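[1] Below: sequence and its predicted model.
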Amino acid sequence: MAKKTIIKPARSAPAVGPYNHAVRAGDLLFCAGQIPIDPATGGLVPGDIKAQTERVLANVKAILEDQKLTFANVVKSTVFLTNLADFAAMNEVYAKHFTTDFPARSTIQVAALPKGASVEIEVIAHY
């Protein structure tokens, strides 16, 4: 069985619950869902779905970079939106970060997200 390694990047905001930012198991990195928390303030970033998506993906990037990975290493992502009408705007920002060999992806509308966020994204990456 693959060893489990807990990942807590120094550049990330503290977790908002009893979980870790990511867990490595073998050649896979399982990242917890990231919401638009500014690591400098610990608060939700202001703005529309585009601003929130930019912050979420910056938070994902910090985890990936901590492990010397990039968005190109991501094999699966899951996007949670509180309003599926925000899909096109979120997708516009998402496409700027995942530029080649897009990962498999699911997008789900949910009733609510932690701290009142409009978007949360989790990823699985391969080393």
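    Alright, I've got the coordinates.

[2] all strands in the protein, in order from the N-terminus.
    4-7, 22-25, 28-31, 74-81, 104-109, 119-126 (DSSP state E).

[3] Can you say which of those strands is packed in most?
    strand 119-126 (a mean of 22; mean count of other C-beta atoms under 10 Å). In short, each C-beta sits where N, CA and C put it, glycine included.

[4] In terms of secondary structure, what does it contact?
    strand 28-31, helix 49-66, strand 74-81 (3 or more C-beta pairs under 8 Å, 6 or more residues apart in numbering; DSSP states H and E).

[5] Torsion angles phi and psi at Asp38?
    Main-chain torsions, Asp38, degrees, to the nearest 10: phi -80, psi 120.

[6] quick one on the thing from earlier: looking at the strands of the chain, spot the one closest to Ala40.
    Checking the strands of the chain against Ala40 by C-beta to C-beta gives strand 119-126 as the closest, at 19.4 Å.

[7] which residues sit against that closest one?
    27-36, 49, 52-53, 56-57, 60, 64, 67, 69, 73-82, 86, 90, 94, 103, 113-114 (C-beta atoms under 8 Å, 6 or more residues apart in numbering).
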